[in-house]
Structure formats: structure tokens, C-alpha cells
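Participant: Kindly return the folded structure for what I paste below:
(one chain, ligands or ions: 2)
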Amino acid sequence: MSEPLLKIQNVKKIFKVGFSNVIAVNDVSFNIEKHDSVSIVGESGSGKTTLANLILGIEEPTAGTILYNDKKINFNDKGLRKKIQFVQQNPLSSLNPKKTIYQTLELPLKIHNICPREDVKSKIIELLRYVDLDQSYLERHPYSLSGGQRQRISVARALACEPEIIIFDEPTSALDVLIQLKILNLLAEIKEKLNLTYIFITHDLAVVRNISDKTIVMNKGNIVEMNDTQKVFESPKQEYTKELIRSIPTITDEEEAAKP
Ligand SMILES: Nc1ncnc2c1ncn2[C@@H]1O[C@H](COP(=O)(O)OP(=O)(O)O)[C@@H](O)[C@H]1O
Ligand SMILES: [Mg+2]
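Facilitator: Residues are numbered from 1 along each chain as shown. Ligands and ions are numbered 1, 2, ... in the order given. Next comes the predicted model:
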């Protein structure tokens, strides 16, 4: 067995709020192997986004360590930072409204010296192709795109850095269900093409079931259950997980047909 790509070891994150402490993540440990697709689920406030920020190096753990290829995560390490990319929930707030799609995708290529200047345009077109868009989008601005198209641009921007891991924080929760499924299909396709590792942060178990092989269930900063996604759905061990599964909306035939 090869070494895990990501090792999260006894990680704890405490925020000071006024005079009190909020334990956002409480002594969490797990590994992520290369090419895994892992979902981290749990109700709002269970510590999912904090965990993502810790993995991205945006936040520092109060205790414990996070290792990527056996190297400690450090946001100031540019080479390491490009390897773990982030796609946020709301592309309208994460995309610069003043920038064209070309400019949006050009920036990470320049920052990380991904390709020589003369190849930038063809690289951008290639990125658009990955997310099923063509060069007619180059001069458009985020406001002129649909929610699904904007999220595709966010994905293309993450891909521009040639990452090994992409963390998605509620990537489709702002989209309607059919567009959600299209995006999830696309993400699954891209993962295979580029041999990526995915971490999905979501409170939506329907998303989890569609895309991830492994599921981590969080409650109040703790991991309460961790297993293959299929096992979590077939035989959930914890009452909390059962509750989450019960709260999944029923799926229509149309949605069923659109699944990967
Ligand atoms: N920067 C912060 N300062 C203070 N408390 C925070 C901060 N970020 C998150 N928290 C608290 O940590 C807990 C977990 O939050 P979060 O990680 O955002 O959960 P989730 O993404 O699962 O909804 C919550 O109680 C939240 O209020
Ligand atoms: Mg969150």
C-alpha cells in the first residue's frame, strides 16, 4: 500500500469568541488516499468548513497535524498551496465580477507559472473544454452566466493550478437539482481524466451518494461515523447518521435517470 496523500492527525480547532471558546473541530483523525472521493457531511455548525480551511492551510490547527505527502500543510508554501484547490458554494461571490472569464482563468496560470505566456490562451480554452464550455465564453463576465456555468468556471479556475486535491464546499447547493446532477457528473468525469482526489463538504446526502466512495459524518466537531459511502447508506451505525439519511428528499424518476 502506498502512503496516504493526506493525513489528518488529532486535529483540533478552537475559536475564541469573546470570553468563551468554541470547539469547531475536536480531535479529528483520518487519512485520504490518492484518487479517493470523500464526503464530509453533517449539519450546519458541525465543523466542516473549518476542517476544509485547516486542510487548505487558511486556518492553523490549535492542536494536531495535517500532512500532505508527509509534508506539513503551510499556506505560505506556494508550491504546496497550488496542489490543494478550493471550490466554494457561491461562485458569484468567489468570482471577480469585473474580470472576464479569460482574465479569471489567466490569473492562476500566471501566479503558478503553469505555462509559457504564448500558450496561455490555448491553455484557457483547454480548461473551458474540461468543464464543457467553449471559447465563446472568453470575453463574458460572471453576471452574464447561469449559476451552473459560473460553477463550471470556478471548477476550471481550480483546475488551472493543476491540483492533486480539490475541496468542494457545498458546490451545488445554490443550484437546482438537475443542474446539480449535471455538474456532479462532470466532476466525476474530470476526476477520472485528471486522476484527482476529491473532498466534498456538504449537508446534502443526495450529493454524497452520487459522487463519493467514502463518507465521514461529523457532529459538533467530532467524527461520529466513517466508512465506504455504500455502507454508510446501507447500514448506518449512528442514530445521527440515520437522521441525516431520513432527511434526504425523495428523488424523482427524472433525477434518477440523470445520475452518473
Ligand atoms: N472564524 C470563526 N470564529 C469563531 N467561531 C467560528 C469561526 N468559524 C467557525 N466558527 C464556529 O465553529 C463551529 C463550526 O463551524 P463551521 O466549520 O463553519 O461548520 P459547518 O461548515 O459544518 O457549518 C460553529 O459553531 C461556528 O460558529
Ligand atoms: Mg460550512
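
Participant: Please name the bridge partners of the residue nearest in space to the middle of the chain.
Facilitator: For the chain, Phe168 is the residue whose C-alpha lies nearest the centre (CA atoms, centre = their mean; 1.6 Å). With DSSP bridges applied, Phe168 shows beta-bridge pairing to Val87, Phe200.

Participant: which ones are touching it?
Facilitator: Applying CB atoms under 8 Å, 6 or more residues apart in numbering, we find Phe168 in contact with Phe86, Val87, Leu187, Tyr198, Ile199, Phe200, Ile201, Thr202. To be clear about C-beta, it is placed using only N, CA and C from the backbone, and glycine gets the same treatment.

Participant: Just give the closest residue to the fourth one, not the sequence neighbours.
Facilitator: Think Tyr198. In this structure, Tyr198 finds its nearest non-sequential neighbour in Ser37, 4.4 Å apart by CB to CB, 6 or more residues apart in numbering.

Participant: and if you look at the first one?
Facilitator: Excluding the flanking residues, the one nearest Phe86 by CB to CB, 6+ apart is Ile167, at 5.1 Å.

Participant: What residues does that neighbour make contact with?
Facilitator: Ala52, Ile55, Leu56, Ile84, Gln85, Phe86, Val87, Tyr198, Ile199, Ile201.

Participant: and the contacts of Phe168 as JSON lines, adding pLDDT and distance to ligand 2?
Facilitator: Converted to JSON lines, these look like this (pLDDT from 0 to 100; distance: CB to the ion, whole Å):
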{"residue": "Phe86", "pLDDT": "94", "distance to ligand 2": "12"}
{"residue": "Val87", "pLDDT": "94", "distance to ligand 2": "13"}
{"residue": "Leu187", "pLDDT": "95", "distance to ligand 2": "19"}
{"residue": "Tyr198", "pLDDT": "97", "distance to ligand 2": "17"}
{"residue": "Ile199", "pLDDT": "97", "distance to ligand 2": "13"}
{"residue": "Phe200", "pLDDT": "95", "distance to ligand 2": "12"}
{"residue": "Ile201", "pLDDT": "93", "distance to ligand 2": "6"}
{"residue": "Thr202", "pLDDT": "88", "distance to ligand 2": "9"}
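
Participant: now that we have the residues you listed, which one has the most neighbours?
Facilitator: Phe200 (28 neighbours; other CB atoms under 10 Å).

Participant: Could you report the distance from it to Val208?
Facilitator: As judged by CB to CB, to the nearest Å, Phe200 and Val208 stand 7 Å apart.

Participant: what does Pro4 give?
Facilitator: On the measure of CB to CB, Pro4 and Val208 end up 21 Å apart.

Participant: picking up where we left off before, quick check on the residue nearest to Tyr198: phi, psi?
Facilitator: phi -130, psi 110 (degrees, to the nearest 10).

Participant: Please name the nearest non-neighbouring residue to the residue of the chain found nearest ligand 2.
Facilitator: Nearest residue of the chain to ligand 2 (CB to the ion) works out as Thr49 at 3.2 Å. What sits nearest to Thr49 in space, not counting adjacent residues and going by CB to CB, 6+ apart, is Asp169, at 6.0 Å.
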